[in-house]
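Asks: Based on what follows, work out the 3D shape:
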Amino acid sequence: MKMFRSLTGTLALTMIALTGCSTQSPDFTPRLLSIAISPSPIGTVPLGDTVLLTATGTCTTPPGSASTTQACKVDKVTWSVDSAAIGTIVATGPDTATFTAAITGVGATGNVVATPEGAPVVKEPVTLGPAVLKGGSLVISPTTPPLLHVGDTQPFTVTGTNTDGQPATLDPTTLRWTTSLATVATLPATSATTKNTATAVAPGQTAITVCVLDAGAVCIPKYTSAAVNLNVSNAKLTSISTTLTPATAVAPVGAVRSYQVTGTYDDGTSSPLAAARFTWAVTPATVATQAANSTDNTKQDVTAAKIGLATVKATLIDTTTLTDATKNTSTGTLTVVDAACTTPLSNQQTPVATTAKSKTGALCLVCDVANQDNVIDADPLNAAALNATLGVGLPSNSVTLTVNSNAVTAFPGGANAGFHIADPTGALLSANVLNGQIQVATLLNGAIQQSSTPYVAGGLIPLPPLLDITLLGLGAGGGTYVTIPTTLPYDAIQVTFGTGLVSLLSTVNVDSACATVDLTKVTP
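Replies: As a prediction, the model looks like this:
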């Protein structure tokens, strides 16, 4: 009994002692001694790039611990930069922040500053480096390519953005292209440029991606583009359009126009065909030439070389799927006009121009305008003929051709307006003859605004020639621009052809009317 009481007392003392130890633990509060920033060192940050920063703490340990310090969570840190030139910093949590480098100022230096509660301030130096490719910025275009048919091709272009927001210059040798199903569309893994072309080989869908390779030729995940889905139809080509789109086109010398062929499939759908499926011919080559393929792979570019009319012809290479294999060509035309006629009043313009003719003088044996609408059609090689044939020359006898723009808004003035004319016999026209027989005027709502004054050689009161004349050597018959400088608004232009006191020229051809002529661009 005595022994039992002794054991009971010992156990009680032990419990009291244990209870006393356990009540000390909740009363212990670790004290923050210092913090560290990771990553450390921050080092060089590319312009515009971001860095996630984390603060970790070192705290005191409870009495009796084997170690005097321990790692601990930091409750609150105030983040800042000591130089705005290096960028900005924003807290994202009690112990984290995002530093964003400035987008300019390569070589600028400063510090990221972390100020914890109850511990010394910590600084990490930062230097701004050149911008680099931003992760996740690679984009393949088009992002939604058109539906392809077997045999079609689709070009793709990859672009990227640097960390400073500027377009990235990608090195094609570091890019790898992939197609998820080569049985649907083939795609070269590499390209000499940032462009690549997929070829449809079977119906289905494939995903196109491109990535930047690391030194070990492995795709870097953050430098991999989103996938672009390419769909291939199982429809078969049955026919092609007999005329190109556009069927007719007009271009000044040096300009480029694009043509394409439309295909019809056995499912009833129609769509432009890849230009590479055709052999292209442009004739005559002196008027226009085939250019490099357009950025749109369904179009073929043609460059205007010389004033005239050219034929553009596309011939399908593989005719095995056509209903009638002999109907394998598509044609169109290109009318090349002079670059100086910057605003032609032709039926290629909107709204459509119209013409009107008139004559004065009772003694005109033959006074008329033939084929007056040739001056506003798309062909620069045909012309309206102004005839004013007299037995005895009288200055009051003349014929007039007026071209109305029909535009809602009048031309404001300040430019040269006039016509391109030629002698139908092929002779070169002289300035003296033209000033004696040609007059150009501008009109507004049918009323003459401004007009040149004919110069009558040998007249009692010779007037100065007010007609701006540029003599050309265009084509076999040569040619001349006759224009006047305008200062008043106008909606129509007019050319009057008379015989003068001496009948020097009985007929003149007018092949085009120009609301504005840039004489500095006249093709010699």
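Asks: Neighbours of Pro489, how many?
Replies: By other CB atoms under 10 Å, 14 other residues sit near Pro489. Any C-beta I mention is one placed from the backbone N, CA and C, and that applies to glycine too.
Asks: Ok, Ala356 next?
Replies: Each residue near Ala356 was counted by other CB under 10 Å, and the total is 14.
Asks: Same question for Pro167.
Replies: For Pro167, the number of neighbouring residues by other CB under 10 Å comes to 10.
Asks: quick one, what contacts it?
Replies: Shown here is Pro167, whose contacts under the criterion CB atoms under 8 Å, 6 or more residues apart in numbering are 159-161.
Asks: Apply 7 Å and report the result again.
Replies: Taking CB atoms under 7 Å, 6 or more residues apart in numbering as the definition of contact, the neighbours of Pro167 are 159, 161.
Asks: Which residue ranges make up each domain of the protein?
Replies: Following the assignment in automatic domain parsing, the chain carries domains at 32-129, 139-233, 237-337, 343-521.
Asks: Can you get me the start-to-end distance on the longest one?
Replies: Pointing back at domain 343-521 there. 13 Å (CA to CA, to the nearest Å).
Asks: All the helices of the protein, in order from the start?
Replies: The residue ranges that make up the helices of the chain, judged by DSSP state H, are 2-22, 431-437.
Asks: Show the residue spans covered by the strands in the stretch 51-200 of the chain.
Replies: Along the stretch 51-200 of the chain, the stretches classed as strands by DSSP state E, counting those that start in this stretch are 69-72, 77-81, 87-91, 96-101, 109-116, 122-129, 139-141, 148-149, 153-159, 175-179, 185-186, 195-200.
Asks: I would like the residues contacting the first one, please.
Replies: What it means is strand 69-72. Contact with strand 69-72 is made by 30, 33, 56-61, as judged by CB under 7 Å, 6+ apart.
Asks: so which of those residues comes closest to Thr98?
Replies: Nearest to Thr98 among the contacts of strand 69-72 is Thr56, at 16.8 Å by CB to CB.
Asks: how many neighbours does that closest one have?
Replies: Using other CB under 10 Å, Thr56 has 14 neighbouring residues.
Asks: Look up the pLDDT of it for me, please.
Replies: For Thr56, the pLDDT comes out at 95.
Asks: I'd like to know how far it sits from Ser67.
Replies: From Thr56 across to Ser67, the span is 16 Å (CB to CB, to the nearest Å).
Asks: got it, and Ala185?
Replies: From Ala185 across to Ser67, the span is 63 Å (CB to CB).
Asks: more crowded one of those two?
Replies: When Ala185 and Ser67 are compared for neighbours, Ala185 comes out ahead with 28 against 7, by other CB under 10 Å.
Asks: what sits against the more buried one?
Replies: By CB under 7 Å, 6+ apart, the contact set of Ala185 is 179, 198-201, 206, 230, 232.
Asks: which of the residues you listed are buried?
Replies: Buried subset of these (neighbour count, 16 or more other CB atoms under 10 Å): 179, 198-201, 206, 230, 232.
Asks: got CSV for those, with distance to Arg277 and pLDDT too?
Replies: Conversion of the buried ones among the contacts of Ala185 to CSV gives the following (distance: CB to CB, whole Å; pLDDT from 0 to 100):
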residue, distance to Arg277, pLDDT
Thr179, 20, 97
Ala198, 15, 95
Thr199, 11, 93
Ala200, 11, 93
Val201, 14, 92
Thr206, 20, 97
Leu230, 17, 96
Val232, 15, 94
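Asks: Can you tell me which of the residues you listed is nearest Asp373?
Replies: Comparing the buried ones among the contacts of Ala185 against Asp373 with CB to CB picks out Ala200 as the nearest, at 46.4 Å.
Asks: beta partners of the closest one?
Replies: On the basis of DSSP bridges, Ala200 takes part in beta bridges with Ala185.
Asks: Could you double-check that it sits in contact with His149?
Replies: Yes - Ala200 is within contact range of His149, at 6.5 Å (criterion: CB atoms under 7 Å).
Asks: got any residues that touch both of these two?
Replies: With the criterion set as CB under 7 Å, 6+ apart, the overlap between the contacts of Ala200 and His149 is Val232.
Asks: now the stretch 251-400 of the chain, which segments are flagged as low pLDDT?
Replies: Along the stretch 251-400 of the chain, the parts satisfying pLDDT under 70 run over 293-295, 348-350, 362-365, 378, 390-396.
Asks: what about Gly93, neighbour count?
Replies: Counted with other CB under 10 Å, the burial measure for Gly93 works out to 11 neighbours.
Asks: And the buried ones among the contacts of Ala185, which is closest to Thr298?
Replies: Nearest to Thr298 out of those is Ala200 (CB to CB; 13.1 Å).
Asks: Identify the residues contacting the closest one.
Replies: Each residue near Ala200 by CB under 7 Å, 6+ apart is listed here: 148-152, 185, 232.
Asks: can you check Phe99 too?
Replies: Taking CB under 7 Å, 6+ apart as the test, what Phe99 contacts is 50-51, 53, 87, 89, 112.
Asks: Nearest to Asp266 among the residues you listed?
Replies: Top of the list for closeness to Asp266, among the contacts of Phe99 and by CB to CB, is Thr50 at 54.0 Å.
Asks: Check the gap between that closest one and Leu429 for me.
Replies: Applying CB to CB, the value for Thr50 to Leu429 is 72 Å.
Asks: Please identify which of the two sits among more neighbours.
Replies: Here Thr50 and Leu429 are compared on neighbour count by other CB under 10 Å; more neighbours surround Leu429, at 23 against 17.
Asks: Look at the more buried one and report its pLDDT.
Replies: 72.
Asks: what separates it from Lys359, distance-wise?
Replies: Leu429 sits at a distance of 22 Å from Lys359 (criterion: CB to CB).
Asks: In this structure Ala207 contacts Ala227, no?
Replies: Yes - Ala207 lies in contact with Ala227 (CB under 7 Å); the separation is 4.0 Å.
Asks: Could I get the contacting residues of Val74?
Replies: Residues in contact with Val74, defined by CB under 7 Å, 6+ apart, are 32, 35, 55-57, 94-95, 116.
Asks: These into a markdown table, with extra columns for distance to Leu322?
Replies: As requested, the contacts of Val74 are exported to a markdown table (distance: CB to CB, whole Å):
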| residue | distance to Leu322 |
| --- | --- |
| Leu32 | 82 |
| Ile35 | 77 |
| Ala55 | 72 |
| Thr56 | 73 |
| Gly57 | 78 |
| Pro94 | 72 |
| Asp95 | 71 |
| Pro116 | 79 |
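Asks: quick one, what contacts Ala207?
Replies: Remark: with contacts taken as CB under 7 Å, 6+ apart, Ala207 is in contact with 180, 227, 229.
Asks: Likewise for Ala102?
Replies: Each residue near Ala102 by CB under 7 Å, 6+ apart is listed here: 47, 85-87, 108, 128.
Asks: which among those residues gets closest to Gln300?
Replies: Closest approach between the contacts of Ala102 and Gln300, by CB to CB: Leu47, at 42.3 Å.
Asks: ok so, going back, which among the contacts of Phe99 end up buried?
Replies: With burial judged by 16+ other CB under 10 Å, the buried subset of those is 50-51, 53, 87, 89, 112.
Asks: In JSON lines: these, plus distance to Thr442 and pLDDT.
Replies: Converted to JSON lines, the buried ones among the contacts of Phe99 look like this (distance: CB to CB, whole Å; pLDDT from 0 to 100):
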{"residue": "Thr50", "distance to Thr442": "63", "pLDDT": "96"}
{"residue": "Val51", "distance to Thr442": "68", "pLDDT": "97"}
{"residue": "Leu53", "distance to Thr442": "72", "pLDDT": "97"}
{"residue": "Gly87", "distance to Thr442": "62", "pLDDT": "96"}
{"residue": "Ile89", "distance to Thr442": "67", "pLDDT": "97"}
{"residue": "Val112", "distance to Thr442": "71", "pLDDT": "97"}
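Asks: from what I can see Asn347 touches Asp379, true?
Replies: No - with contacts counted by CB under 7 Å, Asn347 stays clear of Asp379, the gap being 10.3 Å.
Asks: returning to that earlier point: just the buried ones from the contacts of Val74, in ChimeraX syntax?
Replies: Those of the contacts of Val74 that count as buried under 16+ other CB under 10 Å are selected in ChimeraX with:
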select :32,35,55,57,95,116
